[in-house]
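In: The sequence and its predicted three-dimensional model are supplied below.
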Amino acid sequence: MAEEPKSKSPRERVGDAIAAARDVGGSVLRATRMLWQVERRATLTHGVLSMFEGVLPAATALVSRYILDGLLRASRTGLGDDRDRVFWFVALEFALVIAQVGIGNASSVVQGLLRMRFGQHVSELVMRKSLTVPLQDFESSKFQDRAQLALGGASERALFVVQGIFGFVVQLVGLLALGGLLAQLSPWMVPLIVLATLPEMAAEMRSGEEAYKLMSWSTPERRRRAYIEAVLGRDDFAKEVKLFGLGPMLLRKHRAIFDTFFSQDRALLIRNASRSTLVRVIGSAAFYGSYAWAVWRTIHGWMSVGDLTMFILAFQHARGSLAGVLGFVGRFYDDHLYLRSLFEFLDYNEVEPVHGTAVIGPSPGDGIRFDDVTFAYPGATSPALDHVTLHVPAGHALAIVGENGAGKTTLIKLLTGLYAPTSGRVTLDGLTLSEWSADALRARVGVIFQDFVKYQMTAGENIGVGDAKAFDDEARWREAAAQGLADEVVETLPDKYQTQLGKWFDTGHELSVGQWQKIALSRAFMRRDADILVLDEPTASIDAAAEARIFDRFRALTRHRTAILISHRFSTVRMADTIVVLEHGKVIERGTHESLVQRGGRYAELFMLQARGYR
């Protein structure tokens, strides 16, 4: 049994409180700096409006005092001047109320505009950061949990902080003004309000901390629940869900996860309600005790009715302002916990392969070399690639074969710079990939992976994504489509290249898997300057006749380019100058089709097994 944690000393608790306050202040300051960078003029305008908005309640309470006292004086004296003075104060209070409404509405408009601009700014920061995160981190469940926590709640909490900053200013200014009025009646009134409100702040901070811990703990399961919702709600899962009868089982899993959350959330809600009830009773007792004291003083003539009215208004407003100030402090602490996740995400020290500035290598034509390359995925017990040495000269056609999990796709990700070797090096024209400019390297390589993306865009845009610089160039779409045999698919569509593909949006047109594969294959031909073309299982869903046409076309179009082909179909790899056999991350054979068959090794065994199926 684990030992119970030792209780902390008062000094340690004070130290923790100071550290927490420092962390909260740091988060709020950083959010404020971000806001200032987004919109300085609107931020300054909102700050000025907040100052006025905070002072007006105190001014209204003070004028109410003069109205009541003036009314009593006028009723005693009957003088016209005293009556006129009352009406002037009434008119002044009306003007203050109108000003309060106008300033409040103006403040809401400015704050709404700031909120929209700031929300967009934070979203862009997150998306830009996502572009720099290494692929292998995206493939990590721990990173996905971190990203989900940051993106799911932190960006929204950043908006709450923006709102809270100005709300804090309004309440603080109002509290100072109202506190000045109350101090005229009794110097101990303000400390009493503070003491009555502190428990509410402490309770809110405690509730926020518990809610954040619950969210952090449950993030993996919440992602699992969201995945089940996607499986049950998306068209690409619908066929198997219906045919395999998965619906009831997935619903049970979804419900079981919810039940776990519900029990935890219910316990948290009950604790929060209990704390809230207790602290509000304390606050109400303080108010009515002070109210009774003020009434007693008024009855004995030590305070005027106007003083009593001002006291009631000022006390209620001051208590509300202090509760607002302390509440904002408590919510800042709550929001800070989520903001910390956002800032950790934005400050994430990505370890993406470092790229240099080179756009040409010292040995043009040397091509691609893998020199004793090993790569292991984080947490894996064995490497995906194990001491691979390989040379692909410029203009050479290389085919890579092997069973699933042999390391074929991993090798391509290393070649394209998506992964960095654990050991060894990958070079292009005599330079390691880390010395190449990232843009120059990616411009030279055209890749289509077997798990290509079906973009919910038009047919032309689905081809255009192969080269972002020519994304909207319809002439390039048509040329690439002809080379990848997607032109015959596009011609059958109702709006040709402008046809919306997929079913996510109105008028969407769904394609067969083979048609999608031709669209994806055409992306590789969008890169006119690419002298290295890589196809990872490009024809897995295409019929044999179309496959033969594609590879005849592919070999002709890559006659002076380096071509790397991954395929399980041995009929397609025979065209390669060299065939490499991977097994358990190692190169076990290499040679031409004829030499490998004659050798009678693993390649020959796999070739004969596949050939037997066609007899």
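Out: Looks like it arrived, so ask away.
In: Scan the helices and strands of the chain for the one with the lowest mean pLDDT.
Out: When each helix and strand of the chain is scored by mean pLDDT, DSSP states H and E, helix 189-233 comes last, with a mean of 63.
In: Helices along the stretch 1-150 of the chain, start to end?
Out: Assignment of helices within the stretch 1-150 of the chain using DSSP state H, counting those that start in this stretch yields the ranges 10-38, 40-77, 80-132, 135-138, 141-149.
In: Quick one: closest of those helices to Gly430.
Out: Ranking the helices of the stretch 1-150 of the chain by proximity to Gly430 (C-beta to C-beta) places helix 135-138 first, at 25.5 Å. From N, CA and C alone the C-beta is placed, and that goes for glycine too.
In: can you give me the mean pLDDT across the closest one?
Out: Helix 135-138 comes out with an average pLDDT of 68.
In: what residues go with each domain of the chain?
Out: Structurally, the chain divides into domains by automatic domain parsing as follows: 24-346, 368-612.
In: Surely Val534 is in a helix?
Out: No - counting by DSSP: H, G, I helix; E, B strand; the rest coil, Val534 is not found in a helix; it is strand.
In: Just list whatever residues bridge to it.
Out: Bridge pairing for Val534 (DSSP bridges) gives the partners Val447, Ile564.
In: Next, the contact list for it, please.
Out: 412, 415-416, 445-448, 524, 563-566 (C-beta atoms under 8 Å, 6 or more residues apart in numbering).
In: What's the per-residue pLDDT of His317 here?
Out: In this model, His317 is scored at 66, pLDDT.
In: what's the closest residue to His396 other than its chain neighbours in contact with, if anything?
Out: Spatially, and ignoring its direct neighbours in sequence, His396 is nearest to Asp577 (5.2 Å; C-beta to C-beta, 6 or more residues apart in numbering). Going by C-beta under 8 Å, 6+ apart, Asp577 touches 396-398, 592.
In: Distance of Asp577 relative to Leu398?
Out: According to C-beta to C-beta, to the nearest Å, Asp577 stands 7 Å off from Leu398.
In: Please look at Asp371 and Arg425 and confirm they touch.
Out: Yes - Asp371 lies in contact with Arg425 (C-beta atoms under 8 Å); the separation is 5.2 Å.
In: Excluding covalently adjacent residues, which one is nearest to Glu537?
Out: Gln450 (3.7 Å).
In: Start and end of stretch 388-406, how far apart?
Out: Using C-alpha to C-alpha, to the nearest Å, the end-to-end distance of stretch 388-406 comes to 12 Å.
In: pLDDT averaged over that stretch - what is it?
Out: So the average pLDDT for stretch 388-406 ends up being 86.
In: Buried residues in that stretch, which are they?
Out: 388, 390, 392, 394, 396-402, 406 (16 or more other C-beta atoms under 10 Å).
In: what's the most distant pair in the residues you listed?
Out: Ala394 and Ala406 (25.6 Å).
In: residue ranges with poor pLDDT in the stretch 1-150 of the chain?
Out: 1-18, 20-21, 134-150 (pLDDT under 70).
In: that older thread, now tabulate the contacts of Val534 in CSV and tack on pLDDT and distance to Val110.
Out: Shown next, in CSV, are these (pLDDT from 0 to 100; distance: C-beta to C-beta, whole Å):
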residue, pLDDT, distance to Val110
Ile412, 85, 52
Leu415, 86, 52
Thr416, 82, 47
Val445, 83, 49
Gly446, 79, 49
Val447, 80, 48
Ile448, 80, 50
Ala524, 80, 50
Ala563, 84, 59
Ile564, 86, 57
Leu565, 84, 59
Ile566, 84, 57
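In: May I see those organised as CSV, with distance to Glu93 and neighbour count added?
Out: Shown next, in CSV, are the contacts of Val534 (distance: C-beta to C-beta, whole Å; neighbours: other C-beta atoms under 10 Å):
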residue, distance to Glu93, neighbour count
Ile412, 76, 21
Leu415, 77, 23
Thr416, 72, 20
Val445, 74, 21
Gly446, 74, 25
Val447, 73, 22
Ile448, 74, 20
Ala524, 75, 25
Ala563, 84, 23
Ile564, 81, 25
Leu565, 84, 26
Ile566, 81, 23
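In: Between those, which sits nearest Met51?
Out: Closest approach to Met51 among these (C-beta to C-beta): Thr416, at 56.0 Å.
In: any low-confidence regions in the stretch 351-500 of the chain?
Out: The model of the stretch 351-500 of the chain has pLDDT under 70 over residues 351-355.
In: Where do the strands of it begin and end?
Out: Assigned by DSSP state E, counting those that start in this stretch, the strands in the stretch 351-500 of the chain fall at 368-375, 385-392, 397-401, 423-428, 431-432, 445-448.
In: Any chance of those in JSON lines with distance to Phe607 as columns?
Out: Formatted as JSON lines, those follow (distance: least, C-beta to C-beta, whole Å):
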{"stretch": "strand 368-375", "distance to Phe607": "24"}
{"stretch": "strand 385-392", "distance to Phe607": "21"}
{"stretch": "strand 397-401", "distance to Phe607": "9"}
{"stretch": "strand 423-428", "distance to Phe607": "29"}
{"stretch": "strand 431-432", "distance to Phe607": "35"}
{"stretch": "strand 445-448", "distance to Phe607": "24"}
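In: Can you check which of those strands gets nearest to Leu62?
Out: That would be, of these and by C-beta to C-beta, strand 445-448, which comes in at 73.1 Å.
In: Quick check, Gln610 in contact with Phe570.
Out: Yes - proximity of Gln610 to Phe570 meets the contact threshold set by C-beta under 8 Å, at 5.4 Å.
In: More neighbours: which of the two?
Out: Each of Gln610 and Phe570 has its neighbours counted (other C-beta atoms under 10 Å); Phe570 has more, 20 against 13.
In: measure the spatially closest residue to that one that is not a sequence neighbour to Ser567 for me?
Out: Spatially, and ignoring its direct neighbours in sequence, Phe570 is nearest to Phe607 (4.9 Å; C-beta to C-beta, 6+ apart). From Phe607 over to Ser567 the distance is 12 Å, taken as C-beta to C-beta.
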